[in-house]
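# below is the sequence, then the predicted model.
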Amino acid sequence: MLADTAGRVEFVVGVDTHRDAHTLVVVDGVGRVRAEFVVSASRAGYAEALRFADRHAPVRLWAVEGSGSYGAGLVRYLIDRGERVREVERPTRRGREARLKSDLLDARRAAQHVVSGGGSTPRQSAEGEALRLLVRTRESAVTQRTEATNQLRAAIVTAPDPLRERLQGLTRPALVAACVKLKPRPGDPAEAAFTLAVRGLARRIRELTNEADQLQEAIHRRLKDKHSALLERPGIGPIVAAQVVISWSHHGRLQSEACFARLAGVAPIPAQSGQTSHHRLDRGGDRHLNRALHTLALCLARTDPRTQRFLAERTARGKTRREAIRLLKRYLARSIYRQLEAAT
C-alpha cells in the first residue's frame with residue numbers, strides 16, 4: 001500500500017495534460033491500471049475528473065504532468081478541494097522510445113512514477129507564477145532583441161560603402177543610436193531602402209531593450225523584499241535569483257537538497273560497468289534552473305577567488321574543466337537550497 005505524508009493511500013490518479021483535454025489513469029499500489037478516462041480542460045472537466053476519482057480511487061494521490069502549464073488549472077482546482085497532488089516531470093524521449101507515445105501511456109507513467117516514490121509538491125504560490133511570467137516575458141524580449149541585432153549587423157555588411165564604413169565595428173548601443181538618426185540622400189533609392197530597414201531595426205532594438213530593462217527592474221523589486229539575502233550572494237543577479245525562486249517555489253516543496261539537485265539536473269548519475277566507475281551528466285530536470293546554476297557557476301569561476309581555487313584543486317586531481325564545473329553546480333544547488341529553506 002502507498003504511503004503519503006498526510007496518511008495512507010490506495011490509488012494514484014495519473015494525469016497527462018494538454019490544452020483542450022486531460023487523460024486520467026487510475027493505478028493501484030502495485031502499478032496495475034484500474035480505470036481510464038478523458039475530461040475537458042475546463043472547470044466542468046475538472047469536476048468530472050473528481051467524480052471519476054471518487055468512483056474508482058476513493059483514497060488517492062494525484063500525479064499530474066505539466067502542472068506549471070496545461071495542468072495549472074487542474075492543480076489549483078484539486079488543491080482548493082483538499083486533494084493531495086504530486087508534480088511529475090514530462091519524460092524526455094530519445095530514439096525508439098520517442099515512438100512509444102500516447103496520452104494513456106503518459107498518464108500511466110506519471111501514476112507509476114508516484115507509486116514508486118517519485119514526484120514533488122507542485123508550485124502553489126501566485127507570487128511565484130507572477131514572477132515566472134515576468135521572467136519568461138523578459139526572456140522573449142531579449143531573444144527578439146538578439147534576432148533584430150543580428151539582422152541589423154547582417155544588413156550593414158551589404159550596405160553602401162560610406163554607410164558600411166561608418167557603422168561597422170560599433171557597439172550595439174552606439175550602432176542603434178547611429179542607425180536611428182540615419183537619413184537617406186535624395187535620389188538614391190538603394191540607400192533609401194537600406195536606411196528605412198536599418199532605422200526600423202534600430203528602433204525595434206531600442207524598444208525591446210527598454211522593455212527588458214523595465215521587466216528586470218520589476219523582477220528585482222519583487223525579489224528584494226523576501227529574498228534579499230539571495231540577491232546579496234556573489235554572482236547572483238535578479239534573473240538567476242528569480243529562476244531559482246521560481247523552481248524552488250516554497251518551503252517544503254522539495255524534501256531535501258538532493259531533490260533540489262535532481263530537479264536542477266545537477267545530481268550525478270552513477271554509470272558503473274565492471275572495473276569502470278564514473279558518473280554521467282543528468283540531462284533531465286528543470287532546464288531553466290540548470291541554466292541559471294550554470295550561469296552562476298561561470299560567473300563565479302571568473303570573479304570569485306574561492307571558486308577559482310576549488311576548480312584548480314579539482315582539475316589538479318584529474319577532473320576535466322567540464323567535470324569540475326558540474327561539481328561546482330552541485331555544490332551551489334546544495335548551498336542555495338539550504339539558504340532558501342532556512343530563510344522561510
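Alright, I've got the coordinates.
# contacts, neighbours, all on C-alpha from now
Fine.
# just the strands from the stretch 51-200 of the chain, written as ranges.
Secondary structure of the stretch 51-200 of the chain (DSSP state E, counting those that start in this stretch): strands at 60-65, 85-88.
# what about the residue nearest the centre of the chain, distance to Lys181?
In the chain, the centroid-proximal residue (C-alpha atoms, centre = their mean) is His288; its distance is 3.1 Å. Noted for His288: a distance of 38 Å to Lys181, by C-alpha to C-alpha, to the nearest Å.
# beta partners for Phe11?
Here Phe11 sits in beta bridges with Asp28, Arg60, going by DSSP bridges.
# isn't it right up against Val25?
No. Counting by C-alpha atoms under 8 Å, Phe11 stays clear of Val25, with 10.2 Å between them.
# what does Gly187 show for phi and psi?
phi 80, psi 10 (degrees, to the nearest 10).
# and it, how far from Pro268?
Between Gly187 and Pro268 the distance is 66 Å, computed by C-alpha to C-alpha.
# also Gln243?
The gap separating Gln243 from Pro268 is 21 Å, by C-alpha to C-alpha.
# with Glu323 instead?
With C-alpha to C-alpha as the criterion, Glu323 and Pro268 are 10 Å apart.
# re the thing from before, higher neighbour count, Gln243 and Pro268?
Gln243 (22 against 16; other C-alpha atoms under 10 Å).
# isn't the more buried one right next to Asn290, touching?
No. Contact status for Gln243 versus Asn290: not in contact, 9.5 Å apart, counting by C-alpha under 8 Å.
# Val142: what's it in contact with?
Going by C-alpha atoms under 8 Å, 6 or more residues apart in numbering, Val142 touches Leu208, Thr209, Ala212.
# residues near the second one, how many?
Thr209 sits with 19 neighbouring residues when counted by other C-alpha under 10 Å.
# could you look up the SS state of it?
helix (DSSP: H, G, I helix; E, B strand; the rest coil).
# is it true that it touches Arg145?
Yes. With contact defined as C-alpha under 8 Å, Thr209 and Arg145 form a contacting pair (7.1 Å).
# where do the helices sit along this protein?
Assigned helices in the chain, in chain order: 43-56, 72-80, 103-115, 126-157, 161-167, 172-180, 189-226, 228-231, 238-248, 257-264, 287-303, 305-316, 321-343 (criterion: DSSP state H).
# closest one to Glu89 among the ones you listed?
helix 103-115 (8.2 Å; C-alpha to C-alpha).
# what's the average pLDDT for the closest one?
Helix 103-115 shows an average pLDDT of 89 in the prediction.
# same check, this time on stretch 146-160
Stretch 146-160 comes out at a mean pLDDT of 92.
# so how far is that stretch off the chain centroid?
31 Å (C-alpha atoms, centre = their mean, to the nearest Å).
# separation between Ala292 and Leu332?
Ala292 sits 11 Å away from Leu332, going by C-alpha to C-alpha.
# hmm, back to that, and the strands of the stretch 51-200 of the chain, which one averages the lowest pLDDT?
Note on the strands of the stretch 51-200 of the chain: strand 85-88 shows the lowest mean pLDDT, a mean of 87.
# dump that one to PDB, restricted to CA.
The C-alpha coordinates for strand 85-88 follow below in PDB (Å, rounded to 0.1, in the frame of the first residue of the first chain):
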ATOM      1  CA  VAL A  85      -1.300  16.300  -5.600                       C
ATOM      2  CA  ARG A  86       2.200  15.400  -6.900                       C
ATOM      3  CA  GLU A  87       4.000  17.100  -9.700                       C
ATOM      4  CA  VAL A  88       5.600  14.800 -12.300                       C
END
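# so who does the residue lying closest to Val64 once chain neighbours are set aside touch?
Using C-alpha to C-alpha, 6 or more residues apart in numbering and skipping the chain neighbours, the partner closest in space to Val64 is Val15 (4.8 Å). Neighbour list for Val15: 22-25, 62-65, 106-108, 110-111 [criterion: C-alpha under 8 Å, 6+ apart].
# and of the residues you listed, the nearest to Ala301?
Checking the contacts of Val15 against Ala301 by C-alpha to C-alpha gives Glu65 as the nearest, at 35.8 Å.
# quick one: the closest residue to the closest one other than its chain neighbours from Phe310, how far?
Leaving out its chain neighbours, the residue that sits closest to Glu65 by C-alpha to C-alpha, 6+ apart is Val88, at 4.9 Å. Going from Val88 to Phe310 by C-alpha to C-alpha gives 35 Å.
# higher neighbour count, those two?
The residue with more neighbours, out of Val88 and Phe310, is Val88; 25 against 16, by other C-alpha under 10 Å.
# gap between the more buried one and Lys226?
In terms of C-alpha to C-alpha, Val88 sits 27 Å off from Lys226.
# ok, Ala297 next?
Distance of Ala297 to Lys226, given as C-alpha to C-alpha: 23 Å.
# can I get stretch 109-122 in CSV, CA atoms only?
What follows is stretch 109-122, C-alpha atoms only, in CSV (Å, rounded to 0.1, in the frame of the first residue of the first chain):
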residue,chain,number,x,y,z
ARG,A,109,3.8,6.5,-16.5
ALA,A,110,3.0,9.5,-14.3
ALA,A,111,1.0,7.5,-11.9
GLN,A,112,3.5,4.7,-11.7
HIS,A,113,6.3,7.2,-11.1
VAL,A,114,4.5,8.4,-7.9
VAL,A,115,3.7,4.7,-6.9
SER,A,116,7.5,4.2,-6.9
GLY,A,117,8.0,7.2,-4.6
GLY,A,118,8.7,9.9,-7.2
GLY,A,119,7.0,13.3,-7.7
SER,A,120,7.1,16.5,-5.8
THR,A,121,4.7,19.0,-4.3
PRO,A,122,3.5,21.3,-7.1
